[in-house]
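[1] Structure, please.
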Amino acid sequence: MRDVDGGRLSCGAALVRHLSNLAVHAVPVFMIAHVTVANLSPKKQGLHDRLVDSRVVMRNR
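    Numbers count the residues shown, from 1 in each chain. Next up, the predicted model:
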C-alpha cells in the first residue's frame, strides 16, 4: 500500500483504510457502492482507498 505520492501509508491512514474496508464489507449497500466505484475508477480504487488517498502497488516477483 502506498499513498498517492508513492510514499508509505501512515499508521493512522492504514487503520482508517482497514476499518472502512470492514464497514464496507459488513453493510450490503456499501458493498454494492464499493464494487461500482472500483469498476468505474480508472485507477481501480475502492471506497477505502479513496477515503485515505491510497493505492495498491504491485511489485514484480
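
[2] Quick check, central residue of the chain?
    In the chain, the centroid-proximal residue (Cα atoms, centre = their mean) is D49; its distance is 2.2 Å.

[3] How about stretch 7-26, which residues are buried there?
    L9, A13, V16, R17, S20, N21, V24 (16 or more other Cβ atoms under 10 Å). Every C-beta, even on glycine, is put in place using the N, C-alpha and C of the backbone.

[4] Pull the contacting residues for the fourth one.
    Going back to what we said before, that points to R17. With contacts taken as Cβ atoms under 8 Å, 6 or more residues apart in numbering, R17 has the following neighbours: M1, L9, H48, D49, L51, V52, S54.

[5] Repeat the analysis, applying 7 Å as the threshold.
    With contacts defined as Cβ atoms under 7 Å, 6 or more residues apart in numbering, R17 is in contact with H48, L51, V52, S54.

[6] Using JSON lines, lay out the residues you listed together with distance to H34 and secondary structure.
    Written out in JSON lines, the entries for these read as follows (distance: Cβ to Cβ, whole Å; DSSP: H, G, I helix; E, B strand; the rest coil):
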{"residue": "H48", "distance to H34": "8", "secondary structure": "helix"}
{"residue": "L51", "distance to H34": "11", "secondary structure": "helix"}
{"residue": "V52", "distance to H34": "14", "secondary structure": "helix"}
{"residue": "S54", "distance to H34": "15", "secondary structure": "strand"}
